[in-house]
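>>> structural data only, the sequence is not supplied:
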DNA sequence: ACAGAAACAAACATCACACCTTTCATGCTG
DNA sequence: CAGCATGAAAGGTGTGATGTTTGTTTCTGT
């Protein structure tokens, strides 16, 4: 028992490692692994190897076939929306591509989410939105970038949740990731543009005022800026 | 090999059954299962029980804790975008709620997808889009509903794929589900409205003509009809 | 020589059992 | 009453044996 001479890794680390490798393209679609090879490589038992494989399998990264082994699947079969796969893609060589796709998804969803939020928000949420918009303005104008981003994230999360669509709400983490990542990918000015601040204000007001059409319009302004930054 | 006296089920059927039960609310969040109970109930070995649990765990439906058991998680932690969870929700008592959320997601994504497709489509895709739009008109006007829906699905799938965003493409199955389901949920006229046919035509033409703005506008017309049907 | 059937073998699937590890609950002790 | 020690419950991991599927090879009959 005890251990082994081979690289020993923590429990979930194995599906994590394999997931990243597959997403990264280290194993071509159609490539075959075996449980045995995983046991060897990571110094683990069949039980653990099977557990790890199950996770990857349930995200569509591979499937296991008798007498063949573990077959790596092509990207179009992956669960690209699941947080795990998103994480792996963002850690891959094509992080930028993943980031762009996520941004496009965010753009698509947020315009609709703004309208939904305007129709469904509670009183409390309305106040929180207005507060957050004000906070963003304050922090943005005083160039406290880090705090600004935190407020920005809170703003978008709140909006996504206020719409009452759980699938939109589930994107809050993605949006957070994108908002954080913008700085790294050079898609964000060091000082938030006044138009962006105005647009956030507008969105908050429209949502508070239960005006879906206006909320959508303001969000579209916001999103247009993001879109154009994407096309540079 | 033999069998057992207890309800014996196929391999994946167990995570399938449990997934549906959890999504359906048969196990409240915080409720605790044990591997032992699953073994008893399904007449399976620990290995299989663990395998099934791993699947549910990787979709966020539960987590396992030592000395406690398998704790069912609240809906906000579910991987609500993964096909598996979507399937379970659509098979649950709240299928209608899930359907509405999916429709909202579809609405959000498709407007953006239309614009993207207009920017990125290949020549072949352009022709296919125009063809499908024409086919839809023909089938729609002759009230061949089933074939019409098939063409509709193909149209939307093609558009989602043409944009080159894999996350949008992954929604093709969802959209297919929604388009098929519309009839069941009484959100669809037995005869497609002429405006809808025109809008599809418009989208196809705009995409073929590489006009993202127009593609988005036409898609918005389409989507507006869906939205209003949703609000009835 | 070729087609089809039969035997073989590889790899996953499942089972049973033993032991480890974590963590909650209990109860004892100072 | 606080704190610590102890026990037990439940999952986590490891092992070896056996079942099952399926691709490959070999054999046989024509």
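Cool, got the structure. None of these values were measured; they are calculated from a predicted model.
>>> number of nearby residues for residue A:12?
Residues near residue A:12, counting by other CB atoms under 10 Å in any protein chain shown, number 12. C-beta: built from backbone N, CA, C; applies to glycine.
>>> can you check the pLDDT for it?
On pLDDT, residue A:12 comes in at 83.
>>> and it, how close does it get to DNA strand C?
To DNA strand C, residue A:12 is 14 Å away according to CB to the nearest atom of the strand, to the nearest Å.
>>> and if you look at residue A:122?
Relative to DNA strand C, residue A:122 is positioned 34 Å away (CB to the nearest atom of the strand).
>>> same check, this time on residue A:126
39 Å.
>>> what residues are up against the residue nearest to that residue when sequence neighbours are not counted?
Counting by CB to CB, 6 or more residues apart in numbering or on different chains, residue A:126 lies nearest to residue A:208, which is 4.0 Å off, once chain neighbours are set aside. Shown in contact with residue A:208 (CB atoms under 8 Å, 6 or more residues apart in numbering or on different chains): A:121, A:126-127, A:129-130.
>>> out of the residues you listed, which is nearest to residue A:94?
residue A:129 (34.9 Å; CB to CB).
>>> in chain A, where's the longest helix?
The residue-count maximum for a helix in chain A (DSSP state H) belongs to helix A:95-120.
>>> give the buried residues for it.
Buried residues in helix A:95-120, counted by 16 or more other CB atoms under 10 Å in any protein chain shown: A:98-118, A:120.
>>> and that helix with helix B:95-120, angle?
Angle of helix A:95-120 versus helix B:95-120, following axes from the mean of the first three to the mean of the last three CA atoms, to 10 degrees, is 130 degrees.
>>> so what touches stretch A:156-171?
With contact meaning CB under 8 Å, 6+ apart, stretch A:156-171 is reached by A:105-106, A:109-110, A:112-114, A:116-117, A:119-122, A:125, A:128-129, A:132, A:172, A:175-176, A:179, A:203, A:207, B:75-76, B:78-81, B:101-102, B:104-105, B:108.
>>> and if you look at stretch A:177-184?
With contact meaning CB under 8 Å, 6+ apart, stretch A:177-184 is reached by A:86, A:90, A:99, A:102-103, A:106, A:145, A:149, A:152-153, A:156, A:188.
>>> quick check: the farthest pair among these?
A:86 and A:145 (24.4 Å).
>>> of these two, who's got more company?
The neighbour comparison of residue A:86 against residue A:145 (other CB under 10 Å) goes to residue A:86, with 22 against 16.
>>> who's in contact with the more buried one?
Residues near residue A:86 by CB under 8 Å, 6+ apart: A:80, A:98, A:102, A:174, A:177.
>>> cool, residue A:90 as well?
Residue A:90 makes contacts with A:98-99, A:102, A:177, A:181, as judged by CB under 8 Å, 6+ apart.
>>> how does it look with 7 Å?
Residue A:90 sits next to A:98-99, A:177 when contact means CB atoms under 7 Å, 6 or more residues apart in numbering or on different chains.
>>> phi and psi next, for it.
Residue A:90 adopts backbone torsions of phi -70, psi -20, taken as degrees, to the nearest 10.
>>> in chain A, which spans are strands?
Ranges of strands in chain A, per DSSP state E, are A:32-33, A:62-65, A:69-72.
>>> quick check: mean pLDDT across the second one?
Strand A:62-65 carries an average pLDDT of 97.
>>> once you drop chain neighbours, what's closest to the residue nearest to the spatial centre of chain A?
Centroid-nearest residue in chain A: residue A:174, 2.4 Å away (criterion: CA atoms, centre = their mean). Of all residues not flanking residue A:174 in the chain, residue A:102 sits nearest, at 5.6 Å (CB to CB, 6+ apart).
>>> now residue A:137
residue A:197 (4.9 Å).
>>> pretty sure that neighbour contacts residue A:142?
No: Residue A:197 lies out of contact with residue A:142 (CB atoms under 7 Å); the separation is 11.9 Å.
>>> appreciated, that's everything.
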